[in-house]
Every structure is written in structure tokens, then in C-alpha cells.
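In: here is a sequence together with a model predicted from it:
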Amino acid sequence: MTPAATRRACLQRQPIRTRRAGVQRGATAVEFALVFPLFFMILYAIITFSLILVAQQNLTMAAEEGARAALNWQSNTSLQTALTNRGNAACAAAKLVAAKLVQSAQCTPSSSTCGPGGAMQCVNVLLTYNYQANPIVPILPLLGIVVPKSLSSTATVQLNPENIQ
């Protein structure tokens, strides 16, 4: 082939490439528009459930610290008063430990007999957080199905009745 024939062949092929490029010009934008919402939902779900896990861990830590605080002696006049005062001190300590994520957590102390033969007293600390009313991040419509309505954690400490009063 002569150089002129080669040049003509190249010029004849070039418009075909240009036409194909023109047809494909908006395909990337359309593909991105179709795939982006899926990737965004996945990323948002990962962030949401990570923060829920952090809040649950914070509730667990606060309940455990509250239970440890129930071991401290409180002024009292009877066994029941001592258990009530220790439960209230446990809730006060638990609320101090709770981070800003779960600041509105509700604490419920309770006491009961426990141990072998019911010879011991237990103080229970229950922390609950209404996640539906106070979400950490706004809940997207499809995530509302799988996001928990509330988070809770409980911790128990066993006390010897001889050492309570």
C-alpha cells in the first residue's frame, strides 16, 4: 500500500471511532447514577451499624461500672435501705460513665436474693436507650426495618448480706 492509500484508510476509519465515542459519551454518567445509590446505602448502613455497636458497648461499660459502684458502702438503716441506696449510687455512676452518644439512657436499679440457697443479695443495673426516639444518625427509610428500636444492657453484682450494712 502506498502512503496516500494508507492515509485515506486512516481517515475513513476515524469517523467510525468518533461516532462510537459519541454513542458511549453518556454511558458512564448513567452507570454512575444507577450504581451510586447502592454504594451510598451500603456505606450508610456500615456507618449506622458501627455507631449502634459503639452505643451498645458504651451501655455495657456504663452498666458494669454502675454495678461496681454498688459495691461501695452507703449509709443505711436497714438491709432494704442499703440495697436501695446502693442501687441509686450504681445508677448515678452509670450515668456518669455513659458517653454523649447514650446520654439519655434510662437506668433502673433492682435488688433480689441470689446465690446458692438465696443466701446472697444481688444488685442489678439495667440501662436502656430508646434508639427509635433518639437515633445517633438519621435512619434512612429502608434501614428502619433492621435498626433496633432500643438498646439495653444489664450488669449484676453479688453482695454478702453480712457486709451490706
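Out: Sure thing, it's come through. Just so it is clear, the structure is predicted and the values come from calculations on it, not from any experiment.

In: for this structure, which spans come out with low pLDDT?
Out: Low-confidence segments of the chain, defined by pLDDT under 70: 1, 3-23.

In: right, and residue 60 touches residue 153 too?
Out: Yes: applying CB atoms under 8 Å as the test, residue 60 and residue 153 come out as touching, 4.4 Å apart. To be clear about C-beta, it is placed using only N, CA and C from the backbone, and glycine gets the same treatment.

In: more neighbours, those two?
Out: Comparing residue 60 with residue 153 by other CB atoms under 10 Å, the one with more neighbours is residue 153, at 23 against 16.

In: let me see the contact set for that one.
Out: 56, 59, 60, 62, 63, 126, 127 (CB atoms under 8 Å, 6 or more residues apart in numbering).

In: middle-most residue in this structure, spatially?
Out: Nearest residue to the geometric centre of the chain (CA atoms, centre = their mean): residue 52, 0.7 Å.

In: quick one, phi/psi of it?
Out: In terms of degrees, to the nearest 10, the main-chain angles of residue 52 are phi -60, psi -40.

In: can you name the residues that contact it?
Out: With the criterion set at CB under 8 Å, 6+ apart, residue 52 makes contact with 131, 136, 147, 148, 151.

In: repeat for residue 97
Out: If a contact means CB under 8 Å, 6+ apart, then residue 97 has 61, 62, 65, 66 as its contacts.

In: mind redoing it with 6 Å?
Out: Residue 97 is in contact with 62, 65, counting by CB atoms under 6 Å, 6 or more residues apart in numbering.

In: just the strands in this structure please.
Out: 106-114, 120-129, 151-159 (DSSP state E).

In: got the residue ranges for the helices in the protein?
Out: Per DSSP state H, the chain carries helices over the ranges 3-24, 27-69, 79-97, 161-164.

In: could these go into JSON lines alongside distance to residue 120?
Out: What follows is those, written out as JSON lines (distance: least, CB to CB, whole Å):
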{"stretch": "helix 3-24", "distance to residue 120": "76"}
{"stretch": "helix 27-69", "distance to residue 120": "14"}
{"stretch": "helix 79-97", "distance to residue 120": "12"}
{"stretch": "helix 161-164", "distance to residue 120": "7"}
